[in-house]
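1. have a look at this fold, sequence not included:
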């Protein structure tokens, strides 16, 4: 237990430090946060127009779609605002920049991920909460289900970033492949799960686990189901375990970049 | 004009060097058309209607294929103009016997035409695969091609104008993102204009966004000479206004260029 407390306290210190570093360029930070907020707002506006014209889509209503966007945006945002290096993993591996992190007396992956924060992720995080509060009007139980599902979505996005980032250990210049995989995950986790069936659905529960958000979590929030939240959490943790295993398996193939550098 | 034609050719050739990027965008086109197919198939089934926005399901998917091709093929103009302004490269351009806006237009068109051709071929293949129906006709392709020049010019002028904002603004990225998202939403890339609420359609008919995506994409699947006339009128007005704005802003901006050193 004390190990987890120690990690949380370290994470808190990193978050404060990363946020302070970003706020040093306050104008740039605010404009990136606002730009991402606006970007998500435009997509949500499309869906609001869509549901204005077609109020029900395979059992999905406007509130379900807003919940989906709120979970995906804030889950992605929380994952990359706190653990921003998960997004940069392909570059860190390809440029041999893991060396510096290996010198610390801490588990490599969990420590390495804390190393940076993406400014735009704060915009995603903020957007998710604002959209859910203003357009879904949840009660206390709704917020509780949202909180649990948000944790599951955050774990899942970290896992997806680590999993795809680890491709770099195996196929060298993999940034483009990792990017496509991540964009596919983001795309599928922002469209209703009810659209897909058959093989597509199977893939969305396994290879590209977006259905954990677009099916399981949205249903959990809609019906305020503890079982649904637990299922989403279990699925996300299983994918995180897989991603961690792939990372450490790939690490055996890692070659030092002999890079002497001062960490930012 | 031959020097600008040369720039168009050179730009198209050099963009071929980045085939990895082209391939990545092609994968995105495949993904998004697959999702749209699922979305609209469910939508048509749930409404029980054969026609939405005056289009059948296969026509709508082909429309979205053309609209996505137009959107994805747009190269990033604003960062290049922004960089020319901030690094002072613009001062060097001004020494050349070329008009800077026309130089940027030519390089933009070279890359864009190549990408558009590639994405259209891919979109046609995917749409045929997904719908098993051949929706376009030679007339549709002709009217699409006739609506294209002003659509591409309109797009270029809008983003070039934003790029020139670098003379006064700390950062043009936010403005670029805002315009691109408005274009995505209001230009018909995601939703054909007749599916918007009536009051919005009135407003959208006087905004420039539809001229660069909705107009040409609609002509692609539903060719109509009268509609082409309307598209040209809207495009012509938008291009005229943007052209005047670019000329005025560029004139003002060039006065602010300061070249130092050698």
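-> That came in fine, so what should we check first? The model shown is predicted, which means the values in this text are computed figures rather than measured ones.

2. when you work out contacts or count neighbours from here on, use the C-alpha atoms and nothing else.
-> Will do.

3. near chain B, which residues of the stretch 151-264 of chain A are found?
-> Taking Cα under 8 Å from any Cα of the partner chain as the criterion, the stretch 151-264 of chain A approaches chain B at residues A:176, A:180, A:184, A:195, A:196.

4. so which of these wins on neighbours?
-> Of all those, the highest neighbour tally under other Cα atoms under 10 Å in any protein chain shown goes to residue A:195, namely 20 neighbours.

5. quick check, pLDDT for it.
-> We have a pLDDT of 94 for residue A:195.

6. need the contact list for it.
-> Going by Cα atoms under 8 Å, 6 or more residues apart in numbering or on different chains, residue A:195 touches A:58, B:38, B:39, B:42.

7. in CSV: these, plus neighbour count, distance to residue A:17 and pLDDT.
-> Output for these, formatted as CSV (neighbours: other Cα atoms under 10 Å in any protein chain shown; distance: Cα to Cα, whole Å; pLDDT from 0 to 100):
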residue, neighbour count, distance to residue A:17, pLDDT
A:58, 14, 46, 90
B:38, 16, 44, 94
B:39, 18, 43, 95
B:42, 17, 48, 94
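
8. about what we covered before: looking at the residues of the stretch 151-264 of chain A next to chain B, spot the one nearest chain B.
-> If you rank those by distance to chain B using Cα to the nearest Cα, residue A:195 comes first, at 5.8 Å.

9. from residue A:100, how far off is the closest one?
-> With the distance defined as Cα to Cα, to the nearest Å, residue A:195 ends up 45 Å from residue A:100.

10. around chain A, pick out the residues from the stretch 101-250 of chain B.
-> Neighbours of chain A within the stretch 101-250 of chain B, by Cα under 8 Å from any Cα: B:174, B:177, B:178, B:181, B:182, B:185, B:190, B:191, B:195, B:196, B:197.

11. I'd say the third one and residue A:40 touch.
-> No: taking contact to mean Cα atoms under 8 Å, the distance of 11.0 Å between residue B:178 and residue A:40 leaves them out of contact.

12. anything in contact with each of those two?
-> With Cα under 8 Å, 6+ apart, residue B:178 and residue A:40 have no common neighbours.

13. now the helices: where do they sit in chain B?
-> Assigned by DSSP state H, chain B shows helices spanning B:2-16, B:19-47, B:57-72, B:78-87, B:89-95, B:100-131, B:138-164, B:173-186, B:198-204, B:209-212, B:214-221, B:225-254.

14. let me have these in JSON lines, extended by distance to residue A:25.
-> Below are those laid out as JSON lines (distance: least, Cα to Cα, whole Å):
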{"stretch": "helix B:2-16", "distance to residue A:25": "34"}
{"stretch": "helix B:19-47", "distance to residue A:25": "31"}
{"stretch": "helix B:57-72", "distance to residue A:25": "32"}
{"stretch": "helix B:78-87", "distance to residue A:25": "19"}
{"stretch": "helix B:89-95", "distance to residue A:25": "26"}
{"stretch": "helix B:100-131", "distance to residue A:25": "32"}
{"stretch": "helix B:138-164", "distance to residue A:25": "22"}
{"stretch": "helix B:173-186", "distance to residue A:25": "16"}
{"stretch": "helix B:198-204", "distance to residue A:25": "37"}
{"stretch": "helix B:209-212", "distance to residue A:25": "33"}
{"stretch": "helix B:214-221", "distance to residue A:25": "39"}
{"stretch": "helix B:225-254", "distance to residue A:25": "27"}
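
15. for residue A:108, find the nearest of these.
-> The minimum distance between residue A:108 and these falls on helix B:19-47, with 31.2 Å, by Cα to Cα.

16. the closest one: how far from the chain's middle?
-> 18 Å (Cα atoms, centre = their mean, to the nearest Å).

17. which parts of it are buried?
-> B:22, B:25-26, B:28-29, B:31-33, B:35-40, B:42-44 (16 or more other Cα atoms under 10 Å in any protein chain shown).

18. cool, stretch B:225-232 as well?
-> Neighbour counts over stretch B:225-232 (16+ other Cα under 10 Å) mark B:227, B:228, B:231, B:232 as buried.
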